[in-house]
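Trainee: Sequence and predicted structure below; questions after.
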Amino acid sequence: NAGVTQTPKFRVLKTGQSMTLLCAQDMNHEYMYWYRQDPGMGLRLIHYSVGEGTTAKGEVPDGYNVSRLKKQNFLLGLESAAPSQTSVYFCASSSQGAPQYFGPGTRLTVL
Amino acid sequence: AQSVTQLGSHVSVSEGALVLLRCNYSSSVPPYLFWYVQYPNQGLQLLLKYTTGATLVKGINGFEAEFKKSETSFHLTKPSAHMSDAAEYFCAGRSGTYKYIFGTGTRLKVLA
C-alpha cells in the first residue's frame, strides 16, 4: 500500500517550459487536491477534484491546469512556467473531504 | 469565508514541558478545524480534527486540541514534549465546500 505518491520529486525548468506533475493514490479516494507551499504562506489550494472526471479551481489556479481522467490519478500541468511558480507542490487525497493523506512533495524551481 | 491564524511562527519548549500551539479562526458558521504536522522533507499528516460533538479532540502522538467557540480558538496541546515532536504544525479549516485553508504554520523546536 503506497498511499499517495508524486512524481517527479525534483525538477528544474526554464521560464516558458511546460511540465506535468503526477499524483497517484491507491486508496480509492474520491477527493484529491493540489497545494503549493511557499515559505511563510502555508499551503494554498491550486485545484481540487471530487471524483473521476471532475476538477475545480482553488485559491491560486492561474497558470495551472489539472485533469482527473482516472480516479487514482490527478495531474497538475504548467503550460508556460514562470519564476513565481517556484514552490513545493503537494498532492493530497481523502475519502471524506478534508485532505487526509499527503504525498511527499515535488520541489520545482523555475529559472 | 473562514480564515485561520496561527500565533507564533516559531515556538521552543524544553523536553518534557507543555506544548501549546495557538490557532484562531474566523467563521460565521460552525467550523471544521484540523491540525496537521509536517516533518522535514515530508508531506503533511493529519493529527486531529474537529467537526461536531465533543469539543476536546484527541489525536495521534499524544496531541489534543480544544474547540472554544467563545474564544474562536482551536489550540493544540501536548502535556510533555518529546524530541520527536520537533516539526512544523499547521492549523486548517474549511472555507467552503471541498475547500480547506491552512494557516502559515508554527515551527516547534524541542530543547534537550
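Mentor: Everything's here; your move. These numbers come from a predicted model, not from an experiment. Numbers count the residues shown, from 1 in each chain, chains lettered A, B, ... in the order given.
Trainee: Would you mind confirming that residue A:108 is in contact with residue A:89?
Mentor: Yes. Judged on CB atoms under 8 Å, residue A:108 makes contact with residue A:89 at a distance of 6.2 Å. The C-beta positions use only the backbone N, C-alpha and C, and glycine is treated the same way.
Trainee: Looking at the two, which is more packed in?
Mentor: The neighbour comparison of residue A:108 against residue A:89 (other CB atoms under 10 Å in any protein chain shown) goes to residue A:89, with 23 against 20.
Trainee: joint contacts of residue A:108 and residue A:89?
Mentor: residue A:21 (CB atoms under 8 Å, 6 or more residues apart in numbering or on different chains).
Trainee: would you say residue B:22 is within a helix?
Mentor: No. Counting by DSSP: H, G, I helix; E, B strand; the rest coil, residue B:22 is not found in a helix; it is strand.
Trainee: Spatially nearest residue to it (excluding sequence neighbours)?
Mentor: Nearest non-adjacent residue to residue B:22, counting by CB to CB, 6 or more residues apart in numbering or on different chains: residue B:7, 4.0 Å away.
Trainee: So the one you found is in contact with residue B:73, correct?
Mentor: No. In this structure residue B:7 lies outside contact range of residue B:73 using CB under 8 Å: 9.5 Å.
Trainee: who's residue A:6 bridged to?
Mentor: The partner list for residue A:6 in beta bridges (DSSP bridges) reads residue A:23.
Trainee: for the helix or strand bottoming out on mean pLDDT in chain B, packing partners?
Mentor: Across the helices and strands of chain B, mean confidence by mean pLDDT, DSSP states H and E is lowest for strand B:99-102: a mean of 86. Packing contacts for strand B:99-102, counted by 3 or more CB pairs under 8 Å, 6 or more residues apart in numbering or on different chains; DSSP states H and E, involve strand A:42-49, strand B:3-7, strand B:87-96.
Trainee: May I have the strands that pair with the second one, each with its orientation?
Mentor: Spelled out, that is strand B:3-7. strand B:19-26 (antiparallel).
Trainee: mind listing what's buried in the partner strand?
Mentor: Residues of strand B:19-26 classed as buried under the neighbour-count rule (16 or more other CB atoms under 10 Å in any protein chain shown) are B:19, B:21-25.
Trainee: angle of that strand against strand B:87-96?
Mentor: If you take axes from the mean of the first three to the mean of the last three CA atoms, to 10 degrees, strand B:19-26 sits at 20 degrees to strand B:87-96.
Trainee: chain center to strand B:19-26: distance?
Mentor: Centre-to-centre, strand B:19-26 and its host chain are 6 Å apart (CA atoms, centre = their mean, to the nearest Å).
Trainee: how about the helix or strand just after it, does it reach chain A?
Mentor: Counting by DSSP states H and E, the next helix or strand C-terminal to strand B:19-26 is strand B:33-38. Yes. Strand B:33-38 reaches chain A (CB under 8 Å from any CB of the partner chain) through residue B:34.
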